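Colleague: coordinates for the following, if possible.
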Amino acid sequence: MTEISKEYAVALFMLAAENGLVNEYSAQLNDIKELAKENPDYVNILESPAIPLSERLALVDAAFSEEYYEYIVSFIKLLCENRHIRSLCACIDEFIELARVAQNCVVATVYYVEPLTKAQKDKLILKLSKISGKKVEAVYVEDKSLIGGIKIQLDDKLLDGSLSGRLNKVKGVISE
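Modeller: Now for the predicted structure:
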């Protein structure tokens, strides 16, 4: 992430925190990030010097003013005005990370072969919360190379309960 992304994210985060709207801003910013990814031409238009700035800002108003908080719309406009609209997704990522830190939350990436049931997911989140001492949000990623079981990346820890991981351990012991 660039220093510019961090600066913009911190400023927006401070506004959100000041107004007690960190969760709401996070949700709306995630929506905007998805929209930006799905519509890269929109970001190109907002960046284009061939289109007058007033028209680009009007496009932002038309797209976001009805459904999104005023500060978020102003944030996007500010990125346009200062020619940093390409940093939009990076700014959002920084904001989300600031929100997680403020809420004592961590993301666990769970790699699986077979999808987990809701009960398994709930039990896993509870266990990971106890291990980390933090609130845990999980991202689930299918990985057929595991053969069976799961592997979890939690902060800088790798918890490997996969069959392929166990086989590699056995292989390492045998080859010693």
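Colleague: surely E142 touches V113?
Modeller: Yes: in this structure, E142 is within contact of V113 by C-beta atoms under 8 Å, at 7.3 Å. (C-beta placed from N, C-alpha, C; glycine too.)
Colleague: compare the two (neighbour count), which wins?
Modeller: V113 (17 against 10; other C-beta atoms under 10 Å).
Colleague: for that one, give me its contacts.
Modeller: Shown in contact with V113 (C-beta atoms under 8 Å, 6 or more residues apart in numbering): E142, D143, K144, L146, I147, G148, G149, I150, S162.
Colleague: are any of the residues you listed buried, and which?
Modeller: Buried residues within the contacts of V113, counting neighbours by 16 or more other C-beta atoms under 10 Å: L146, G149, I150, S162.
Colleague: which of those residues sit farthest apart?
Modeller: Spatial extent of the buried ones among the contacts of V113 (C-beta to C-beta) is set by the pair L146 and I150 at 7.2 Å.
Colleague: name the residues contacting each of the two.
Modeller: In contact with both L146 and I150: Y111, Y112, V113, S162, using C-beta under 8 Å, 6+ apart.
Colleague: tell me which of these fall in helices.
Modeller: Cross-referencing the shared contacts of L146 and I150 against helices under DSSP state H gives no overlap.
Colleague: so can I have TSV of these showing distance to L53 and pLDDT?
Modeller: Output for the shared contacts of L146 and I150, formatted as TSV (distance: C-beta to C-beta, whole Å; pLDDT from 0 to 100):
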residue	distance to L53	pLDDT
Y111	45	94
Y112	47	93
V113	51	92
S162	52	88
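Colleague: between these, which is nearest D41?
Modeller: Of the shared contacts of L146 and I150, the one sitting nearest to D41 (C-beta to C-beta) turns out to be Y111, at 33.5 Å.
Colleague: run through the bridge partners of that closest one.
Modeller: Under DSSP bridges, the beta-bridge partners of Y111 are V141, K151.
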